[in-house]
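Trainee: Need coordinates for the following:
(2 chains)
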Amino acid sequence: MDLKNITVKELRSKLDAKEIGAREAAALFLDEIKKNDDKVLSYITVTGDEAMKTADAAQKRIDAGDPAPLTGIPLALKDNLCTDGIRTTCSSRMLGDFVPPYSATAVEKLAAQDYVILGKVSMDEFAMGGSTQTSAFAKTKNPYDTERVPGGSSGGSAAAVAAGFCAAALGSDTGGSIRQPASFCGVTGLKPTYGRVSRYGLVAFASSLDQIGPIARTAEDCGIILNAIAGHDPKDATSKDVPFTDFNEKLGQSISGMRIAIPKEFYGDAVDEEVRTAVMNAAHEYEKMGAELVDCSISTLKYAVQAYYLISSAEAASNLSRYDGIKYGLRGEGHSFDEMIRDSRNRGFGAEVKRRILLGNYALSSGYYDAYYRKALALKQQIISEYNAVFENADVILTPTAPSVAYKIGVQDNDPVKMYTADICTVTVNIAGLPAINTTCGYDRDGMPIGMSIVGRRFDESTIIQTADAFEKTFSPVRCTL
Amino acid sequence: MDIATLDHICRLSKLNFTEEEQQKALAEMSDIIALMDTIKEYDITYDDTKDHNEIRYADLREDIPAPSFPTEKLQQNTSPRDNCYVVPKMME
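Mentor: Residues are numbered from 1 along each chain as shown, chains lettered A, B, ... in the order given. Model (predicted):
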């Protein structure tokens, strides 16, 4: 049986119908990883034994007639999600040997459904980057063209799903880190509303922006996974107690009459023409379904990348100050306490992480705080106001996910400013704490996937899943072959 | 950004650079700060009273003492001596 392109929903049916066993499903994915991941480098740690152990537990539950939606479903986890007893590196030499003493709440929630863990997948170091090329352990490649980046920071998650190395995966999104790699790898990725999923056990990058979410083959699969991981958690004070029943509850409902906002700033010259055309073609497809396109403006987009990098780097500088090599992490050498800490950090962090720490401490330091950090917070308030205004007249917002398709490896490595400005289409959603989903809407002349983002009101994930699903049902994806 | 500012930020960040690394970092940080400087064009002031992601006391869990992780599990990522983390002398 070939499971490479199977959806979570389809695999659920096969497991329940006993057409395949949980152990057999896990073994097929592990075999695929063994055969082909040397071309993609998506996994940092493959957990073969743990996969079989969790598959056996899942099979017992299936045999007892009590399966949950994810029982026996083989998943990959981004390597910044703490897993009790399983190495969690954050793709950093700093945490190269780190074994967490506990699991993230999102992981515990998957375990409560008896999912099957295949392993931990690569990412940009500490989730800082958009290419997965800052990983210290696995510089993941795009399965559609292994000379190109898979996007990032959840590039391992997106590439593993696209290549058929798992049924779906968890990623995290601070400034586009689920949606942009999903776009580059031709899969569906959902960034939930800030506060929808507990961040407990997610290695912190920028705490006011980070959010865990699914990457899968369909919007419906994203809804199934979000159903499992969402909810208030007393261990994360920023998680919200907003009730939900089923994020897929609107699937199949007509989108006729839905108002879809098209913010003009997202369709300017900074976005490649092929990308603009593909997203606008999708917008017109929605029109054919009876939706109404509404022009709108997010005028602060011009300053969004700056606000995002100032806020996220300030928080990163603070969050990463914990890495001193004492209780865990790479231990450096030195004759004094201070020398030892500096050596630990010099050797443990890569170049991009150091740049973000420097920028963050610069923005927070005396004399610069008001000009940079507080100004960025002011822009955050303005961006939120602008989105609120748009949602007074629209149900969802449609934008490109990235200005271009996946680019060649090495093209942006030495140009941080170019790398940062490439985040233009995704960062405002994190700043405003909104939910957004990427799905594929076309392919460029080289066959590389083009993604579009559907942005929703806070805690209205079900509408963006419904909207993405409506398009997916009209679209024939071209799956990659390795 | 000048060398003195970079030195100051490196101290705050607990990072060291060799002379060659310092020159590269200076060029990169200058480019990044130039991008960030464009934010100054935008005439807007932060309103402290209007924070959208506030954490309310009501959202915080009650502070109830409960068993923590076993000591050996918390120390599994280092080489403790007599349950202590060993570091170089802080004071001579």
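Trainee: farthest residue from the center of the chain?
Mentor: Unless you meant another one, I'm taking chain A. A:His335 (41.3 Å; CA atoms, centre = their mean).
Trainee: My question was about chain B, not that one.
Mentor: B:Asp82 (29.7 Å).
Trainee: what residues are up against it?
Mentor: By CB atoms under 8 Å, 6 or more residues apart in numbering or on different chains, the contact set of B:Asp82 is empty. Backbone N, C-alpha and C define where each C-beta goes, glycine included.
Trainee: got the residues of the stretch 101-250 of chain A near chain B?
Mentor: Applying CB under 8 Å from any CB of the partner chain, one finds that the stretch 101-250 of chain A approaches chain B through A:101-102, A:194-195, A:208, A:234-235, A:237-238, A:240-241.
Trainee: now the most centrally placed residue in chain B: how far from chain A?
Mentor: The structure's chain B has its C-alpha centroid closest to B:Ser13; by CA atoms, centre = their mean the separation is 7.1 Å. Distance of B:Ser13 to chain A, given as CB to the nearest CB, to the nearest Å: 5 Å.
Trainee: isn't that residue right up against A:Arg356?
Mentor: No: using CB atoms under 8 Å, B:Ser13 makes no contact with A:Arg356, being 10.0 Å away.
Trainee: For A:Thr467, the count of nearby residues, please.
Mentor: 26 (other CB atoms under 10 Å in any protein chain shown).
Trainee: list the buried ones in the worst-scoring helix or strand of chain B on mean pLDDT?
Mentor: Least confident helix or strand of chain B, by mean pLDDT, DSSP states H and E, is helix B:71-74 with a mean of 91. By neighbour count on 16 or more other CB atoms under 10 Å in any protein chain shown, the buried set for helix B:71-74 is B:Leu74.
Trainee: now it, how far from the chain's geometric center?
Mentor: 25 Å (CA atoms, centre = their mean, to the nearest Å).
Trainee: right, is it up against chain A?
Mentor: Yes: Helix B:71-74 reaches chain A (CB under 8 Å from any CB) through B:73-74.
Trainee: C-alpha coordinates for the top helix by length along chain B, PDB please?
Mentor: Ranked by residue count under DSSP state H, the longest helix found in chain B is helix B:19-37. Extracted in PDB, the C-alpha atoms of helix B:19-37 (Å, rounded to 0.1, in the frame of the first residue of the first chain):
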ATOM      1  CA  GLU B  19      38.000  41.200  14.900                       C
ATOM      2  CA  GLU B  20      37.000  39.600  11.500                       C
ATOM      3  CA  GLU B  21      33.600  38.600  12.800                       C
ATOM      4  CA  GLN B  22      33.200  42.100  14.300                       C
ATOM      5  CA  GLN B  23      33.700  43.800  11.000                       C
ATOM      6  CA  LYS B  24      31.200  41.500   9.300                       C
ATOM      7  CA  ALA B  25      28.700  41.900  12.100                       C
ATOM      8  CA  LEU B  26      29.100  45.700  12.000                       C
ATOM      9  CA  ALA B  27      28.300  45.800   8.300                       C
ATOM     10  CA  GLU B  28      25.300  43.500   8.600                       C
ATOM     11  CA  MET B  29      23.900  45.200  11.700                       C
ATOM     12  CA  SER B  30      24.300  48.600  10.000                       C
ATOM     13  CA  ASP B  31      22.200  47.300   7.000                       C
ATOM     14  CA  ILE B  32      19.600  45.900   9.400                       C
ATOM     15  CA  ILE B  33      19.400  49.100  11.500                       C
ATOM     16  CA  ALA B  34      19.000  51.100   8.300                       C
ATOM     17  CA  LEU B  35      15.900  49.000   7.500                       C
ATOM     18  CA  MET B  36      14.600  49.500  11.000                       C
ATOM     19  CA  ASP B  37      15.200  53.200  10.900                       C
END
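Trainee: what is the rounded mean pLDDT of that helix?
Mentor: Computed over helix B:19-37, the mean pLDDT rounds to 96.
Trainee: can you list the residues that contact that helix?
Mentor: Counting by CB under 8 Å, 6+ apart, A:305-306, A:309-310, A:354-355, A:358-359, A:362-363, A:372, A:416-417, A:420-421, B:1-3, B:6, B:17 sit against helix B:19-37.
Trainee: Can you mark which positions in it are buried?
Mentor: B:25-26, B:28-29, B:31-33, B:36.
Trainee: for stretch A:33-45, same thing?
Mentor: Across stretch A:33-45, burial judged by 16+ other CB under 10 Å covers A:33, A:36-37, A:40-45.
Trainee: What are the contacting residues of it?
Mentor: So stretch A:33-45 is contacted by A:46, A:76, A:79, A:86-87, A:89, A:91, A:118-122, A:135, A:137-141, A:143, A:146, A:150, A:155-157, A:159-160, A:163, A:165, A:482 (CB under 8 Å, 6+ apart).
Trainee: let's go with 6 Å and repeat that
Mentor: Outside stretch A:33-45, the residues that touch it by CB atoms under 6 Å, 6 or more residues apart in numbering or on different chains are A:46, A:79, A:87, A:89, A:119-122, A:137-138, A:140-141, A:143, A:146, A:156, A:159-160, A:163, A:165, A:482.
Trainee: mind checking the SS state of whichever residue of the stretch 351-482 of chain A sits closest to chain B?
Mentor: Nearest to chain B, among the residues of the stretch 351-482 of chain A, is A:Ala378, at 3.9 Å (CB to the nearest CB). At A:Ala378 the chain is in helix, as set by DSSP: H, G, I helix; E, B strand; the rest coil.
Trainee: count of neighbours near it?
Mentor: 19.
Trainee: what's near enough to touch it?
Mentor: Neighbours of A:Ala378 in contact, by CB under 6 Å, 6+ apart: B:44-46.
Trainee: excluding its backbone neighbours, what's nearest it?
Mentor: B:Tyr46 (3.9 Å; CB to CB, 6 or more residues apart in numbering or on different chains).
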